[in-house]
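Undergrad: Predicted model follows, preceded by the sequence.
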Amino acid sequence: MSSAIATTRFSVLDRSRVRQGHSGPEALRDTVALARLAEELGYHRFWVSEHHGVPGVAGSAPAVLAAAVASATSRIRVGTGGVMLPNHRPLVVAEQFGVLESLFPGRIDMGLGRSVGFTDGIRRALGHDKEDARDFAGQLRELLGWFDGSQDAYPQVHARPAEGLRVPAFVLATGRGARTAAEAGLPLVIAAVRGEEALLRTVEEYRSAFRPSGLSASPYVMLSGTVAVAATGAEARRMLLSEAWSTAYSRTRGVFPALVPAEEIARMPMGGRERALFEEALRGHVSGTEEEVAARLEKLLERSGADEYLVTTSTYDREALTGSYRRLARVAGLAGHQDGAGGQAR
């Protein structure tokens, strides 16, 4: 097995995607089932996400879902990719993760992002707006301060049971996210799709600006992206169609829909703009046979020097999805390399 893949951790982010003809509760149960499989296959972490008021995504309460995932597994690290900090008071986030770490010691990760609600209506319902994302760095400092006792905005207030606990924190790179991660001395999670050169520049800037902290002594880079592995390249590309169509639909209609079967998408009429967005959404992913995926990942991991790859694949066909994760586990050699993976982040 090639060296870059052999020294890289592989993890899973599942967004609890709703499938046409199925319900949100089913999607959440599918997420828990996938977490069990990820643990069985040897993936390092299993993360869940935060989306509000989105028809095609059931994961709206990541701390609650992370608790369910941790309860259903025994070894794999569990966390969020991520909690959108502008939507919450930092004290509440600290309390939630303090409870999680107390119940599942040594297994909890706190992935943090700066996005706000998908639409104006959702943002109003959450009691926030786009301006709340402007002070993400300040919100992050306050959150970390609740854990180490350094926050001084609220004298004599303590986050119970978070204070004194050590929960690894990760910053999702949107906007200034990479710079914020570097200045806070935290691991970086960055999307590995479309624009590889820009990705590599951002990673290098993060490493150059990184300031060691009590949570991370050195830079740690986690690439995030779709990986689809199948018996043929055509089958792997077919897996990408459902998510690509949902993305194009959302950008033309303002609603992110449930996943539909690939064969239905092939029959759908698309306008010029929707077709262009659909084709764009199909690009930049890692897909193909095991050999093709191994070659693509090896190149990307070698160029970026990433410590970890967080796989975020979504498709209508759950059998194809679980088969892809099984094939990727073989590509990555997960059964034998996890203990030797490099980097500071746990």
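TA: That came in fine, so what should we check first? Please read all numbers here as calculations on a predicted model, not as lab measurements.
Undergrad: any chance you could map the strands in the stretch 151-300 of the chain?
TA: 169-172, 188-191, 221-225, 227-229, 286-288 (DSSP state E, counting those that start in this stretch).
Undergrad: Would you mind giving the ones you listed as a markdown table with mean pLDDT and distance to Gly323 added?
TA: Every residue, glycine included, has its C-beta placed from N, CA and C. Output for the strands of the stretch 151-300 of the chain, formatted as a markdown table (pLDDT from 0 to 100; distance: least, C-beta to C-beta, whole Å):
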| stretch | mean pLDDT | distance to Gly323 |
| --- | --- | --- |
| strand 169-172 | 96 | 28 |
| strand 188-191 | 95 | 24 |
| strand 221-225 | 96 | 19 |
| strand 227-229 | 98 | 8 |
| strand 286-288 | 97 | 13 |
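Undergrad: right, and those - which one's nearest His22?
TA: Smallest distance to His22 across the strands of the stretch 151-300 of the chain (C-beta to C-beta): 20.5 Å, for strand 227-229.
Undergrad: okay, which residue is most central for this structure?
TA: Using C-alpha atoms, centre = their mean, the residue of the chain that lies closest to the mean C-alpha position is Gly81, 3.8 Å off.
Undergrad: Now do it against Ala198, distance only.
TA: To Ala198, Gly81 is 21 Å away according to C-beta to C-beta, to the nearest Å.
Undergrad: How about Asp307?
TA: Distance from Asp307 to Ala198, by C-beta to C-beta: 20 Å.
Undergrad: Out of the strands of the stretch 151-300 of the chain, which is closest to Val18?
TA: Of those, nearest to Val18 by C-beta to C-beta is strand 227-229, at 19.4 Å.
Undergrad: what are the pairing partners of that closest one, and which direction each?
TA: strand 286-288 (parallel) (DSSP bridges).
Undergrad: Identify the residues contacting the strand it pairs with?
TA: Outside strand 286-288, the residues that touch it by C-beta atoms under 8 Å, 6 or more residues apart in numbering are 192, 225-230, 233, 236-237, 239-240, 293, 296-297, 300.
Undergrad: Just the buried subset of these, please.
TA: Buried members of these, scored by 16 or more other C-beta atoms under 10 Å, are 192, 225-230, 236-237, 239-240, 293, 297, 300.
Undergrad: could I get those residues as CSV with distance to Ala68?
TA: Shown next, in CSV, are the buried ones among the contacts of strand 286-288 (distance: C-beta to C-beta, whole Å):
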residue, distance to Ala68
Ala192, 28
Gly225, 25
Thr226, 24
Val227, 25
Ala228, 26
Val229, 27
Ala230, 29
Ala236, 30
Arg237, 33
Met239, 26
Leu240, 28
Val293, 30
Leu297, 30
Leu300, 32
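Undergrad: which of those has the weakest pLDDT?
TA: Ranked by pLDDT, the buried ones among the contacts of strand 286-288 bottom out at Ala192, which has 80.
Undergrad: In the stretch 151-300 of the chain, where is pLDDT below threshold?
TA: The stretch 151-300 of the chain contains residues with pLDDT under 70 at 175, 194.
Undergrad: mind listing the helices for it?
TA: All helices of the stretch 151-300 of the chain, identified by DSSP state H, counting those that start in this stretch, fall at 177-184, 196-209, 233-253, 262-267, 272-282, 290-304.
Undergrad: what does the second one rub up against?
TA: Under the contact criterion C-beta under 8 Å, 6+ apart, helix 196-209 has outside partners 173, 178-179, 181-183, 188, 190-192, 219, 221, 223, 300, 303-306.
Undergrad: which of these are buried?
TA: 173, 178-179, 181-183, 188, 190-192, 219, 221, 223, 300, 304-306.
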